[in-house]
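# Okay, structure incoming, though there's no sequence with it:
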């Protein structure tokens, strides 16, 4: 079939009830772009009324552009809450971010009348996204916005469980951290939960369960099992292959190292224990990142980085929790919790850090239910329109307070210190001081959390006067400093007194008794006491805890790896 067989300027008018374009989510391809697809090997085919073009839970293998007719997008097909959520007509393409990543579809697309589509294999689509920048930007932007919309709409798989169950919280956190659309059914709050379980021959004691597409039923799956169902790569690092670069940790520093390493020709693998993005992925809005004057969500920034990494051939594995690092035959081997291993000539440790737990009485008992250490749409859904409190004085706390104030009537920002700007960027301070729903309470610390099954109130104390009071809030968000993810390195690399990795001169001067491969020559700037092992981002001692700094360190680590490779005789990659 030639390009003349598919002419974009001959498409019919769109249906009157077509879903409006939302922030670039549903663009209409131009005649020139459709002709380009035809010249690139796309083929035209017909579809019949009622035909399913995408099926929820099945892998997306082809890029589809509607040429004639219309389709409806359905969430939860066959379930009691089945709902038509979109209508698309000629010129629009189907699919979202999972299409580019080779994952399963999170919804079903059904033809509501006969028509024609242009169909292109996904691998060809990926080639075009790289080769045709304008087309690539259009498709990528649409896919990213669609994913954000779907996360907030409850499409995708369904998790049924108790809000007080640790495994339920684990599954929901895994989904939220990986930006996976899903529906949550709470046994205690949803009156239809028991009936839904009965349909599948299940009882509440068997929860949590994951249901998808009316066919897949997983009973309390591990993160890796859930990832496999969705199509998240879980075996991206062949154990018998020594890559030039193995990056452990997929936050901003790790993603930057992977992108720059692969773009420089290094064979690169990237692994993370939970999700790509690290803490940055949980930020509702990052407004001081270069190149995004109106700000960007942490999830949006991460998804762009992941697509960019895949474009350069990075093998990404999630989840894969590192538990040990050792030297073997002139390279390094990382062992994971499931017993698998991955090898690299050079390692970038970018495992980041996590927020410290608040130790006041009653807090830990309510963790995951109404006490949170991230602030995303997932937690907002649980808060409803109730007042909430945020503990912390840094940028993460400020961003969380502003995000939560979009949905809740009152946000109390509790500061241990007396000045809002002591450790928070000025642009956040200005917004918080002007916001009518954010109440700043300086010199205030949480002394106790009250509530049987969920948070009902906090006892707080003014740390200058000692005066205590009780404040009614239904959720607590904690951002009080970080602890590094370095437990797996404590017997391998020198760490500082807080557990952060020592690099460069600090590693050279360390009196730590851990064994070292070599300190001659002295470590490079981001290099650890093991030659060829580098640390970047929040995990490194003395790092600046900012997204831009982490990205810069990830890129710098690759430059230093090139220098180390040259010294060791590897030559140009």
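Nice, I can see it. On a predicted model such as this, the values are computed, not experimentally measured, just so you know.

# quick one, helices of the stretch 51-200 of the chain?
97-101, 122-131, 133-153, 166-177, 193-199 (DSSP state H, counting those that start in this stretch).

# who wins for proximity to residue 227 among those helices?
helix 166-177 (7.8 Å; CB to CB). Placement of C-beta: from N, CA and C, glycine included.

# tell me what the closest one is packed against?
On a contact count with 3 or more CB pairs under 8 Å, 6 or more residues apart in numbering; DSSP states H and E, helix 166-177 meets strand 157-161, strand 182-186, helix 223-230, helix 377-383.

# Can you pull out the low-pLDDT segments for the stretch 451-573 of the chain?
514-521, 570-573 (pLDDT under 70).

# now with 80?
By pLDDT under 80, the low-scoring segments of the stretch 451-573 of the chain are 510-522, 568-573.

# got it, and the stretch 251-400 of the chain?
Within the stretch 251-400 of the chain, the ranges that satisfy pLDDT under 80 run 279, 281-285, 299-300, 368-369, 377-378, 381-382, 384.

# comparing the helices and strands packed on helix 166-177, which gets the lowest mean pLDDT score?
Ranked by mean pLDDT, the helices and strands packed on helix 166-177 bottom out at helix 377-383, which scores a mean of 79.

# any residues touching the stretch of helix or strand residue 270 belongs to, and which ones?
Residue 270 belongs to strand 268-271 when elements are defined using DSSP states H and E. Residues external to strand 268-271 that are found in contact with it (CB atoms under 8 Å, 6 or more residues apart in numbering): 236-237, 243-250, 254-255, 258, 261-262, 276, 309, 312-318, 320, 322, 334, 336, 342, 344.

# partners of that strand in the sheet?
Strand 268-271 has the following sheet partners, assigned by DSSP bridges: strand 242-248 (parallel), strand 315-317 (parallel).

# and the following helix or strand past that strand, what other elements does it pack with?
Following strand 268-271 in sequence order, the next helix or strand is helix 298-311 (DSSP H and E). Contacts defined by 3+ CB pairs under 8 Å, 6+ apart place helix 298-311 against helix 97-101, helix 122-131, helix 133-153, helix 252-263, strand 315-317.

# May I see the buried residues of the shortest one?
Okay, so that is strand 315-317. 315, 316, 317 (16 or more other CB atoms under 10 Å).

# Likewise for the longest one?
Within helix 133-153, the residues that qualify as buried by neighbour count (16+ other CB under 10 Å) are 135-136, 138-151, 153.

# Please name the nearest non-neighbouring residue to residue 95.
Distances taken as CB to CB, 6 or more residues apart in numbering put residue 60 closest to residue 95, at 5.6 Å, once the chain neighbours are dropped.

# Pull the number of nearby residues for that neighbour.
23 (other CB atoms under 10 Å).

# Check residue 101 too.
20.

# just residue 457 next, same as before
For residue 457, using other CB under 10 Å, the count is 16.

# residues contacting the nearest residue to residue 176 once chain neighbours are set aside?
Leaving aside its sequence neighbours, residue 176 sits nearest to residue 378 (CB to CB, 6+ apart; 4.2 Å). Residue 378 sits next to 172, 173, 175, 176 when contact means CB under 8 Å, 6+ apart.

# among those residues, which two are most distant?
173 and 175 (7.3 Å).

# Show me which of those two is the more surrounded one.
Using other CB under 10 Å, the more surrounded residue of residue 173 and residue 175 is residue 175, with 23 against 20.

# quick one: the more buried one from residue 30, how far?
Residue 175 sits at a distance of 36 Å from residue 30 (criterion: CB to CB, to the nearest Å).

# before we move on, the earlier item: of the contacts of strand 268-271, keep whichever come out buried.
236-237, 243-250, 254-255, 258, 261-262, 276, 309, 312, 314-318, 320, 322, 334, 336, 342, 344.

# so what's the backbone phi/psi at the residue nearest to residue 95?
Residue 60 adopts backbone torsions of phi -80, psi 120, taken as degrees, to the nearest 10.

# how close does it get to residue 105?
5 Å.

# okay, and the common contacts of these two?
54, 95, 98.

# Which of those residues scores worst on pLDDT?
The minimum pLDDT among the shared contacts of residue 60 and residue 105 falls on residue 98, with 82.

# count of residues packed around it?
25.

# Show the contacting residues for the nearest residue to it once chain neighbours are set aside.
Spatial nearest neighbour of residue 98, excluding adjacent residues (CB to CB, 6+ apart): residue 60 at 5.8 Å. By CB under 8 Å, 6+ apart, the contact list for residue 60 reads 54, 95, 98, 99, 102, 103, 104, 105, 122.

# again, only using 7 Å
54, 95, 98, 99, 105, 122 (CB atoms under 7 Å, 6 or more residues apart in numbering).
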